[in-house]
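Peer 1: Sequence plus the predicted model coming up.
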Amino acid sequence: MHGHAYPPPWAMRMMAMKGGRGRRGGGWSSGSGPGGGYGMWAGKGPGFGGRQKVSRGEVRSAILLLLSEEPMHGYQIMQELSERTEGVWRPSPGSIYPTLQQIADEGLIEAEDSAGKKIYQLTDAGRERVAEDAPAPPWEQFVTPEDDGLWAIKDLALQVGAAVMQVAAAGTDEQLAEAKDILSDTRSRLYQLLADGDERA
């Protein structure tokens with residue numbers, strides 16, 4: 001078995017699945033100065049229901065849900081939320097780190113030092129809380145109706161990427177070889193899908 005490892009930078013870039021559509025109109029302003037508060041959406045674009053800020057409860061839910069997928073450090077959490085909303089929600093350190101400390105004080109997460117960084121993961125109590133509350137992912141509020149299909153594909157790709165990292169971290173040599181075959185076959189089928197579409201056009 002391989003020791004536990006976390007996604008390297010190239011894997012995070014792969015999982016980001018950026019591109020295809022630009023960021024929506026509007027601008028950002030700080031909630032309470034540099035590094036503090038919550039990102040504010042000034043544009044009130046379609047599908048946002050006029051919401052101008054993310055509540056502390058939503059930041060809390062987002063952190064717990066992300067950590068239920070895999071352990072992360074604070075910057076990864078901020079990066080992940082930005083990527084899942086195509087830059088629309090960009091939480092500041094002033095919103096993420098105090099919330100992490102609060103959740104840790106409640107015994108729902110614990111931190112482990114790794115290469116000079118604190119890696120946060122759910123405790124048993126944290127996993128039970130997520131299972132009991134089953135909150136809707138707060139980042140979904142930032143998806144407009146026309147983006148639903150695109151988001152569904154990107155979200156699934158992120159989940160696949162997380163599964164790949166888990167296999168890479170803990171899989172046997174046989175499991176790694178099988179995972180490689182699965183990914184190669186999936187990639188070929190996706191390219192074939194595009195080729196078939198070009199032929200029909």
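Peer 2: Great, that's in hand. Numbering: from 1, shown residues only.
Peer 1: where exactly do the strands run in the chain?
Peer 2: For the chain, applying DSSP state E gives strands covering 28-29, 40-41, 109-114, 117-122.
Peer 1: in the longest helix seen in the chain, what's buried?
Peer 2: Determined from DSSP state H, the single longest helix within the chain is helix 173-200. For helix 173-200, the neighbour count (16 or more other C-beta atoms under 10 Å) marks A179 as buried. Where you see a C-beta, it was placed from the backbone N, CA and C, and this is true even at glycine.
Peer 1: Return the mean pLDDT over it, rounded to an integer.
Peer 2: Averaged over helix 173-200, pLDDT sits at 90.
Peer 1: how near is R189 to A195?
Peer 2: Distance of R189 to A195, given as C-beta to C-beta, to the nearest Å: 10 Å.
Peer 1: where are the low-confidence patches of the chain?
Peer 2: Under the criterion pLDDT under 70, the flagged ranges of the chain are 1-53, 143-149, 151, 198-201.
Peer 1: at 50 instead, please
Peer 2: Applying pLDDT under 50 to the chain flags the ranges 1-52.
Peer 1: mind listing the helices for it?
Peer 2: Per DSSP H, the chain carries helices over the ranges 9-16, 56-69, 74-84, 93-105, 124-133, 148-170, 173-200.
Peer 1: quick one: which of those is nearest G116?
Peer 2: helix 74-84 (12.2 Å; C-beta to C-beta).
Peer 1: by contact count, what packs against that closest one?
Peer 2: With contacts taken as 3 or more C-beta pairs under 8 Å, 6 or more residues apart in numbering; DSSP states H and E, helix 74-84 sits against helix 9-16, helix 56-69, helix 93-105, strand 117-122, helix 148-170.
Peer 1: These into TSV, with extra columns for mean neighbour count and distance to Q76?
Peer 2: Converted to TSV, the helices and strands packed on helix 74-84 look like this (neighbours: other C-beta atoms under 10 Å; distance: least, C-beta to C-beta, whole Å):
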stretch	mean neighbour count	distance to Q76
helix 9-16	14	8
helix 56-69	19	8
helix 93-105	17	10
strand 117-122	18	9
helix 148-170	15	12
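Peer 1: from what I can see P137 touches S68, true?
Peer 2: No - contact criterion C-beta atoms under 8 Å: P137 and S68 do not qualify, at 10.6 Å.
Peer 1: can you give me phi and psi for T123?
Peer 2: The phi/psi pair for T123 (degrees, to the nearest 10) reads phi -90, psi 180.
Peer 1: Check whether it really touches E106, as I assumed.
Peer 2: No - applying C-beta under 8 Å, one finds T123 not in contact with E106, separated by 9.6 Å.
Peer 1: more crowded one of those two?
Peer 2: T123 (16 against 13; other C-beta atoms under 10 Å).
Peer 1: who are the neighbours in contact with that one?
Peer 2: Applying C-beta atoms under 8 Å, 6 or more residues apart in numbering to T123 gives the contacts G107, L108, I109, E110.
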